[in-house]
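Engineer: prediction below, plus the sequence it came from.
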Number of protein chains: 2
Amino acid sequence: MPIGRPRAFCLDTALNRALEVFWRKGYEGTSLSDLTKAMGINRPSLYAAFGNKEALFRKALDRYIEEKGAYVREALEAPTARGVVERLLFGAADMLTNPDHPVGCLTVQGALTCGQEAESIRQELAGIRAQYETRIRQRMEQAQREGDLPPGADPAEVARFIATIAQGMAVQAAGGASRESLRQVAETALRVWTRQTVPTAPA
Amino acid sequence: MPIGRPRAFCLDTALNRALEVFWRKGYEGTSLSDLTKAMGINRPSLYAAFGNKEALFRKALDRYIEEKGAYVREALEAPTARGVVERLLFGAADMLTNPDHPVGCLTVQGALTCGQEAESIRQELAGIRAQYETRIRQRMEQAQREGDLPPGADPAEVARFIATIAQGMAVQAAGGASRESLRQVAETALRVWTRQTVPTAPA
DNA sequence: CCATATTCTTACCAATCGGTACAGAACTTG
DNA sequence: CAAGTTCTGTACCGATTGGTAAGAATATGG
């Protein structure tokens, strides 16, 4: 046990509370008072433990990606390209509407736009979304090497398309879309999966 | 000409400037100072002419829908279902990346999440997005009556899928996606259009 | 018990937030 | 010209923003 007065709150749960608030209200929409109230601590405790609002957001974002983004990592490990997409889209539908936490996706609704002071947060989130697309593309390239994706298909195009649908689902979730409706979107996308990966049908 | 001191600025261009700022920074990310600076007027002039920040946003939103959403109305009037979708998606790709105004879609990035005070704006935007989907659905129902969409297809499902893609494109645009990449997404979606509208292929 | 180290609480900071009071300027009407 | 009306500019409002100084409180190591 470290020397000095012991911390009266749990870092872990406090961070979880902060994540929830940022998730619901976005970076700019969340005030320090919102945070301290939800975390059950005073302002100086927050600053001592997490730095400042921006640093706290980044820590919450790390946790979000680690925990709520776990399904993405698992999906990318599915044996077939089709399985990857299936897990990505249904995983998104479930995560985005999970009643155990706020709806939608933090990387989309955290700061899609913002004032000057939050610009670096906005860019970080955009970078994470870009990474998401990149990882799908790399997985599709692998699938193509493995003969799992037709040689004529464009992995980048497939990845962008899937990422766009997933991000659209995030917008839908932010607007209150039900899990069933998002699952239907995933189903629709999957129904055409095989066809979609073939750029041009031979005449 | 009305009695009293004449207004020293143009209502129309001032509103356009306001729209541009809200579009770039979102409702919460835009401050009164941002607005007055961009509009070239002082605070009391803004309040006298437009009410308050929220009323100004709503007026800017009206103009946005009227002008930048024109392509949606035109798209819905295309003769075939496929033509409708084609115009919707390529129109979105072009509008979302038009260099003459901010990138992305105001109804998506204006206030996807927010603090308490902007809640009514958030809901209004969500409602407009829902309307967008509804209008597509109604057009697909019409197409189905006209035999333009297979009887087995679900107009609501098609509409939701198209709306989701369009909204995903808006997120991509907010992240800096190029016009070409969004056009590619539109192309990908259209390539599978015919197949997609047939729920289950007969065995 | 003392010294040291860390956290907690209270109270505060300057800056900015959205919004407005007020006086003078600029116009029309008579 | 004078009266009436509306806009503009300055200067301000209370509330809230993110962030912190200072001292009391609580632990460990001696």
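Structural biologist: Here it is on my side, so go on. Numbering: from 1, shown residues only, chains lettered A, B, ... in the order given.
Engineer: CA atoms for contacts and neighbours, from now on please.
Structural biologist: Noted.
Engineer: number of nearby residues for the nearest residue to A:Arg43 once chain neighbours are set aside?
Structural biologist: Of all residues not flanking A:Arg43 in the chain, A:Thr36 sits nearest, at 6.2 Å (CA to CA, 6 or more residues apart in numbering or on different chains). The burial count assigned to A:Thr36 is 18, neighbours taken as other CA atoms under 10 Å in any protein chain shown.
Engineer: contacting residues for A:Thr36?
Structural biologist: With contacts defined as CA atoms under 8 Å, 6 or more residues apart in numbering or on different chains, the neighbours of A:Thr36 are A:Asn42, A:Arg43, A:Leu46.
Engineer: let me know the pLDDT of it.
Structural biologist: With respect to pLDDT, A:Thr36 scores 98.
Engineer: return the distance of the longest helix belonging to chain A from the chain's centre.
Structural biologist: In chain A, with assignment by DSSP state H, the single longest helix is helix A:119-145. Offset of helix A:119-145 from its chain centre (CA atoms, centre = their mean, to the nearest Å): 11 Å.
Engineer: now chain A against chain B: closest residue?
Structural biologist: Of all residues in chain A, the one sitting closest to chain B is A:Gly168 (3.6 Å; CA to the nearest CA).
Engineer: that residue against B:Gly168, yeah?
Structural biologist: Yes: if you go by CA atoms under 8 Å, A:Gly168 and B:Gly168 touch, sitting 3.6 Å apart.
Engineer: what sits in contact with each of those two?
Structural biologist: In contact with both A:Gly168 and B:Gly168: no residue, using CA under 8 Å, 6+ apart.
Engineer: leaving out sequence neighbours, find the closest residue to A:Tyr64.
Structural biologist: Distance criterion CA to CA, 6+ apart; nearest residue to A:Tyr64, sequence neighbours excluded, is A:Leu19 at 7.3 Å.
Engineer: check contacts around the one you found.
Structural biologist: A:Phe57, A:Ala60, A:Leu61, A:Tyr64.
Engineer: between these, which is closest to A:Pro2?
Structural biologist: Using CA to CA, A:Ala60 comes nearest to A:Pro2 of the contacts of A:Leu19, at 24.5 Å.
Engineer: let me know whether stretch A:98-105 sits next to chain B.
Structural biologist: No: shown here: stretch A:98-105 not in contact with chain B (CA under 8 Å from any CA of the partner chain), separated by at least 9.6 Å.
Engineer: run the chain-centre distance for the host helix or strand of A:Arg63.
Structural biologist: Assigned by DSSP states H and E, A:Arg63 belongs to helix A:53-67. Relative to its parent chain, helix A:53-67 has a centroid offset of 12 Å by CA atoms, centre = their mean.
Engineer: report all helices and strands that it contacts.
Structural biologist: Packed against helix A:53-67 by the contact rule (3 or more CA pairs under 8 Å, 6 or more residues apart in numbering or on different chains; DSSP states H and E) you find helix A:11-29.
Engineer: tell me the buried residues in the helix it packs on?
Structural biologist: For helix A:11-29, a neighbour-count test (16 or more other CA atoms under 10 Å in any protein chain shown) marks A:14-29 as buried.
Engineer: how does chain A divide into domains?
Structural biologist: A:11-64, A:68-194 (automatic domain parsing).
Engineer: winner for burial among those domains?
Structural biologist: Each of those was scored by mean neighbour count; the highest is domain A:68-194, a mean of 20, by mean count of other CA atoms under 10 Å in any protein chain shown.
Engineer: mind checking how far A:Arg135 is from A:Ala163?
Structural biologist: Per CA to CA, to the nearest Å, A:Arg135 is found 10 Å from A:Ala163.
Engineer: avg pLDDT for stretch A:80-93?
Structural biologist: On average, the pLDDT along stretch A:80-93 is 98.
Engineer: give me the distance from it to the chain's centre.
Structural biologist: Remark: stretch A:80-93 is offset 14 Å from the chain centroid, using CA atoms, centre = their mean.
Engineer: quickly find the element holding the residue lying closest to A:Leu190 once chain neighbours are set aside.
Structural biologist: Of all residues not flanking A:Leu190 in the chain, A:Glu86 sits nearest, at 6.7 Å (CA to CA, 6+ apart). Per DSSP H and E: A:Glu86 is located in helix A:81-96.
Engineer: quick one: low-confidence parts of chain A?
Structural biologist: A:194-203 (pLDDT under 70).
Engineer: pretty sure A:Val171 contacts B:Val108?
Structural biologist: Yes: A:Val171 is within contact range of B:Val108, at 7.3 Å (criterion: CA under 8 Å).
Engineer: shared neighbours, these two?
Structural biologist: Common neighbours of A:Val171 and B:Val108, using CA under 8 Å, 6+ apart, are B:Gln167.
Engineer: please, which helix or strand holds the residue lying closest to A:Arg122 once chain neighbours are set aside?
Structural biologist: Of all residues beyond its chain neighbours, the one nearest A:Arg122 is A:Ala111 (5.2 Å), with distances taken as CA to CA, 6+ apart. Using DSSP H and E, A:Ala111 maps to neither a helix nor a strand.
Engineer: how much space separates A:Ala111 from B:Ala55?
Structural biologist: 23 Å.
Engineer: and chain A, which residues reach chain B?
Structural biologist: Counting by CA under 8 Å from any CA, chain A sits next to chain B at A:24-26, A:28-30, A:108-110, A:112-116, A:123, A:126, A:157, A:160-161, A:163-169, A:171-172, A:174-175, A:184-185, A:188-189, A:191-192, A:195-196, A:199.
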